[in-house]
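S.K.: structure here, sequence nowhere to be found:
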């Protein structure tokens, strides 16, 4: 197997090398070529800008800056006009004479404002028709801030729920679902560090402070080869670097929470910092009212950067957040993320850019239940090193390659007595370790004026490691089928095997090809297609639609197989009126192998042998996404609609076993047939602006009792087939108004009032918190 994999990788790398050689082989004319490279930053604070468009008018060439604001263009010697454009900034136009390799850094000024609205000289936010990327949504922080806030907080996660193909479980649900995928299938990154839980207060707020967010990009398909480890999507978020010119302070006071950000230079024009904090205070008001229950959160973002020289930059960033939910000390839930990243950017030449990162992620979650006398604490940690290189071989070919290693530590549960009155004995569920490695290579190539390609290959390897004592079972099956009762049951272990520290328990390896193509029908129209295979080795063990305190993270092993996704997508893209309007139409099909499923009545909390309640099945989803967008003018926004279906199936392992739901396809927990959204922002004047969002989603799948019976005087509910029912549709309307008293004030303190109404017509949507709480009590009674 390893021999075949190595051969495939060598062949692929050889293909890239041959393509590079063809592109790089100079003709008599191309020997006179030189390279223009550099960075593009915000004039106000020297913050580098991501995705800026750089056009060379005479050569009809356009490129974009990478995630660190770097660009590179190779041209014949001569005189050129460079036009630089970015949404929310004034265009930069400059004449340049190129006689040798030249480094040129540009700065851009934020748009000026006039009484008739924001002046935008061009629209760089229009769809890039010729670029071979699709199923990708980019949202600027300016766009996000125009959306109605909740209790004074602009929410990054709620903004992506307005995009096609993205839903949530219900009101107050943690996380999000993409194209019929589960929450754990989303790779959420903050400055490259994995965020395992994205929500505060059970989904009413996100962990992302909008004041410190610099850039956001959501990949739903056509995912580049540098990403891996999840099968549904990638949400890639970067924090601001902080102004290295002058100090700035901003913040906001909300109904339930407040926030404050401070940024400024450490060494002027050379290094800077940014620190942002948030906290809620509703629990303080509850105490004043003698209310025994409380719920609060707080978080802190920090980032430092140092410009060593023209070729080297160092960044250190971190996040710390925590939630606490307490119901009269009878039910106490705590959880939080800790993230740290140390990065080194190095420019080898005007064509080669690299980034090395050392990353730490930690997610801990605890649950205290007085009714059963348990104090349960669990966590997942990972130590991650990654190295990425981007090679701008020519204007028609860009190469990317790199490697990534992650070491995981899983603590499924440390169990203690709730108090001195508890009869529960302390216990420790066996901790688990794993090691995930990956290498990748990819290329983005323009074959002609009409055809552009993006292709790559990733190889991932996952190893489950000791130290651990592992159960063995008859026929290697941890779940058995009771023929007499016609139900699945937990198997009784037949023995154990002791694995020493770092001894391999199980190992998996997968090749993950990626491919995308764009064909331009005209300057304003194109069709695109993509295919990607993804592998997921860590899983959120949950039998609820929304993430809850009952859930634990677990690595793949000999019983819990890696999930493997294959996705294809086809799309049509059209810009109207110079890109002021755009239309995106995409259709997709996804198929997943080894989809995790559960036996009926599975109890997950503090389960020592979680493999005894798990079955491996399959899943599929398919659908159509539409998005009509207006990007400029006083009124802008978009309308999106998704028609989709998500199903899963767990057939019997033998002819005698029925599987789940008789082995037939059934609705996934996160299946929502219709998803409709309207997002609009209107600038009435330079003082007043308005925002509004409307969301409609079909009710998610549910299993309701279809009868009841008496057993020894106890009423027991009887359930039919899994997920054959539906909750009521989810919909609500949010509105906001923003007033700036002195919009033209550029010095000193500047303020604005934001008025918002959440759920204008008081729609009583099902709350995810109640759903999983009721589910927990049902499991305990079963």
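M.R.: Now that the structure is in, tell me what you want to look at. Nothing here was measured: the structure is a model prediction, and the numbers come from that model.

S.K.: not including adjacent chain positions, what is the nearest residue to the residue most central in space within the chain?
M.R.: Ranked by distance to the mean C-alpha position of the chain (Cα atoms, centre = their mean), the top residue is residue 235 at 2.5 Å. Spatial nearest neighbour of residue 235, chain neighbours left out: residue 188 (4.7 Å); criterion: Cβ to Cβ, 6 or more residues apart in numbering. (Glycine included, C-beta is placed from N, CA and C.)

S.K.: what about the one you found, neighbour count?
M.R.: Neighbours of residue 188 under the rule other Cβ atoms under 10 Å: 25.

S.K.: end-to-end on stretch 741-751?
M.R.: Taking Cα to Cα, to the nearest Å, the first and last residues of stretch 741-751 lie 7 Å apart.

S.K.: re earlier: look up phi and psi at the residue nearest to the centre of the chain.
M.R.: With angles defined as degrees, to the nearest 10, residue 235 sits at phi -110, psi 110.

S.K.: do I have it right that it meets residue 187?
M.R.: Yes - in this structure residue 235 lies within contact range of residue 187 using Cβ atoms under 8 Å: 7.2 Å.

S.K.: do a quick rundown of the helices in the stretch 151-300 of the chain.
M.R.: Secondary structure of the stretch 151-300 of the chain, counting by DSSP state H, counting those that start in this stretch: helices at 156-160, 282-288.

S.K.: point out the most buried one among those.
M.R.: Most buried of the helices of the stretch 151-300 of the chain by mean neighbour count (mean count of other Cβ atoms under 10 Å) is helix 156-160; its value is a mean of 22.

S.K.: tell me which other helices or strands that one touches.
M.R.: If contacts are counted by 3 or more Cβ pairs under 8 Å, 6 or more residues apart in numbering; DSSP states H and E, helix 156-160 sits against strand 136-139, helix 141-145, strand 205-206, strand 213-219.

S.K.: tell me the mean pLDDT over it?
M.R.: Throughout helix 156-160, pLDDT has a mean value of 88.

S.K.: same check, this time on stretch 193-210
M.R.: For stretch 193-210, mean pLDDT is 88.

S.K.: kindly report the same for stretch 541-550.
M.R.: 62.

S.K.: so, low pLDDT: which residues of the protein?
M.R.: 1-31, 112-127, 170-173, 285, 289, 543-550, 746, 748, 767-782 (pLDDT under 70).

S.K.: spell out which strands sit alongside the one helix or strand residue 393 maps to in the sheet and which way each one runs.
M.R.: Assessed by DSSP states H and E, residue 393 sits inside strand 374-394. Strand 374-394 has its sheet partners listed here by DSSP bridges as strand 352-369 (antiparallel), strand 397-417 (antiparallel).

S.K.: just the buried positions in it, please.
M.R.: 374-376, 378-382, 384, 386, 388-394 (16 or more other Cβ atoms under 10 Å).

S.K.: show me what the closest residue in space to residue 502 that isn't next to it in sequence is bridged to.
M.R.: Nearest residue to residue 502 in three dimensions, chain neighbours excluded: residue 465, at 5.1 Å (Cβ to Cβ, 6+ apart). Beta-bridge pairing for residue 465 (DSSP bridges): residue 433, residue 504.

S.K.: gap between residue 465 and residue 559?
M.R.: Going from residue 465 to residue 559 by Cβ to Cβ, to the nearest Å gives 16 Å.

S.K.: same deal with residue 445?
M.R.: 42 Å.

S.K.: the residue nearest to residue 502 contacts residue 505, correct?
M.R.: Yes - judged on Cβ under 8 Å, residue 465 makes contact with residue 505 at a distance of 6.4 Å.

S.K.: identify the contacts common to these two.
M.R.: residue 499 (Cβ atoms under 8 Å, 6 or more residues apart in numbering).

S.K.: and those two? which has more neighbours close in?
M.R.: Neighbours were counted for residue 465 and for residue 505 using other Cβ under 10 Å; residue 465 has more, 21 against 18.

S.K.: need the contact list for that one.
M.R.: 433, 434, 435, 499, 501, 502, 503, 504, 505.

S.K.: please pick the buried ones from the residues you listed.
M.R.: Members of the contacts of residue 465 classed as buried by 16+ other Cβ under 10 Å are 433, 434, 435, 499, 505.

S.K.: need the max-distance pair from these.
M.R.: Spanning the widest gap among the buried ones among the contacts of residue 465 are 435 and 499, at 13.6 Å by Cβ to Cβ.

S.K.: surely residue 615 touches residue 660?
M.R.: Yes - using Cβ under 8 Å as the test, residue 615 is close enough to residue 660 to be in contact (6.9 Å).

S.K.: what do those two both touch?
M.R.: With Cβ under 8 Å, 6+ apart, residue 615 and residue 660 have common neighbours 597, 599, 650.

S.K.: who wins on neighbours among these?
M.R.: Most surrounded of these: other Cβ under 10 Å gives residue 650, at 26 neighbours.

S.K.: what's across from that one in the sheet?
M.R.: residue 660.

S.K.: got a list of what it touches?
M.R.: Residue 650 touches 595, 597, 615, 616, 617, 618, 659, 660, 661, 663, counting by Cβ under 8 Å, 6+ apart.

S.K.: the nearest residue to residue 287 once chain neighbours are set aside and residue 277: what is the separation?
M.R.: Among residues not flanking residue 287 along the chain, residue 294 sits closest, at 7.3 Å (Cβ to Cβ, 6+ apart). According to Cβ to Cβ, residue 294 stands 20 Å off from residue 277.

S.K.: with residue 505 instead?
M.R.: 42 Å.

S.K.: ditto for residue 634
M.R.: According to Cβ to Cβ, residue 634 and residue 277 sit 35 Å apart.

S.K.: same thing with residue 626?
M.R.: Noted for residue 626: a distance of 40 Å to residue 277, by Cβ to Cβ.

S.K.: who has more neighbours, these two?
M.R.: residue 277 (19 against 15).

S.K.: so that one is in contact with residue 300, correct?
M.R.: Yes - with contact defined as Cβ under 8 Å, residue 277 counts as touching residue 300 (4.9 Å).

S.K.: thanks a lot, see you next time.
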